[in-house]
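Engineer: My questions are about this predicted structure, shown below with the sequence.
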Amino acid sequence: MTATPPESESIDPRDLPAPQQATSGTSKTPHASGSAGAATAAASTAPGVADASSTLRRISIASLLALIALSVAWELWLAPLRPGGSWLVLKALLLLLPLRGVLRGNLYTLQWSSMFILLFLAEGVVRGMTDTGPSVLLAWIETALSAVFFFATVFYLRPFKRAAKARGQQATAARQPQ
C-alpha cells in the first residue's frame, strides 16, 4: 500500500525530497537498500522531469475539460439520442466529480479518476462500434480523450508512486534490526 497525501494537499514533483548526497570516499551511486527509489527521487527533482510532469498534468486537465465539453455538446446539440437533447447529458456531471482535485493536482483524486475515466473510454468504444451517423466520430473522439487523460495521469503519478514505494522500503529497512 502506498502513502497518499490528504485530500486537500497537492504535491508538485519539485516538492519531493532530494536524495542524500554521497560523502567523499563513498560511491556516488545510491545505496542498495533504496537504489531505485533514490534514483527516481533524483530524477523527479531534475528540471527536465519537473517540466515533463507539469506538461503531463496540463494534458490531463485539458483532456478532462475537453471531455466534459464534448459530453455536453454531443448529447445536447451535435448528435443527441433524441431530437432536442438527451438525458445522457447528465454523464457530464460525473466528469465534474474529479475536476476540482485534478485542477489542484491532488494525487488521490488523480489516482481514482484515472480508473474512473475508463468508464468513458468503454462507452466511447461501444458507441463508436454500434452508433451510426455523426455519433460514431464523437464516440471515437471520446475514446481518444479518455485514453489521453488516462495515460497522462498515470505517467504524471509514476514518480510519486515510486517515491512513496522508496520511502516505504527505507522505513522497513530502518525498522529491521541490524
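Structural biologist: Sure, I can see it.

Engineer: Residue 107 and residue 163 touch, don't they?
Structural biologist: No. Between residue 107 and residue 163 there is no contact under C-beta atoms under 8 Å: 10.7 Å. From N, CA and C alone the C-beta is placed, and that goes for glycine too.

Engineer: Can you check the pLDDT for the residue nearest the centre of the chain?
Structural biologist: Central residue of the chain (C-alpha atoms, centre = their mean): residue 153, 1.9 Å from the mean position. Residue 153 carries a pLDDT score of 98 in this model.

Engineer: All further residue positions should be reported with the first residue as 627.
Structural biologist: Noted, 627 is the first residue going forward, which turns the last one into residue 779.

Engineer: which ones are touching it?
Structural biologist: Going by C-beta atoms under 8 Å, 6 or more residues apart in numbering, residue 779 touches 682, 686, 736, 739, 740, 743.

Engineer: Can you name the residues that contact the fourth one?
Structural biologist: It refers to residue 739. Neighbour list for residue 739: 690, 723, 724, 727, 728, 775, 779 [criterion: C-beta under 8 Å, 6+ apart].

Engineer: And the host helix or strand of it, what's buried?
Structural biologist: Element membership for residue 739, per DSSP states H and E: helix 733-756. For helix 733-756, the neighbour count (16 or more other C-beta atoms under 10 Å) marks 733, 735-737, 739-740, 742-743, 746-747, 749-751, 753-754 as buried.

Engineer: again with stretch 693-709
Structural biologist: 693, 694, 696, 697, 698, 700, 701, 705, 706.

Engineer: Against residue 749, how distant is the closest residue to residue 767 other than its chain neighbours?
Structural biologist: Nearest residue to residue 767 in three dimensions, chain neighbours excluded: residue 696, at 6.2 Å (C-beta to C-beta, 6 or more residues apart in numbering). Per C-beta to C-beta, to the nearest Å, residue 696 is found 12 Å from residue 749.

Engineer: Find residues that contact each of those two.
Structural biologist: Shared contacts of residue 696 and residue 749, counting by C-beta under 8 Å, 6+ apart, come down to residue 768.

Engineer: Look up the closest residue to residue 718, ignoring the ones flanking it.
Structural biologist: residue 697 (3.9 Å).

Engineer: just to revisit the earlier point, residues in contact with the residue nearest to residue 767?
Structural biologist: 764, 767, 768, 771.
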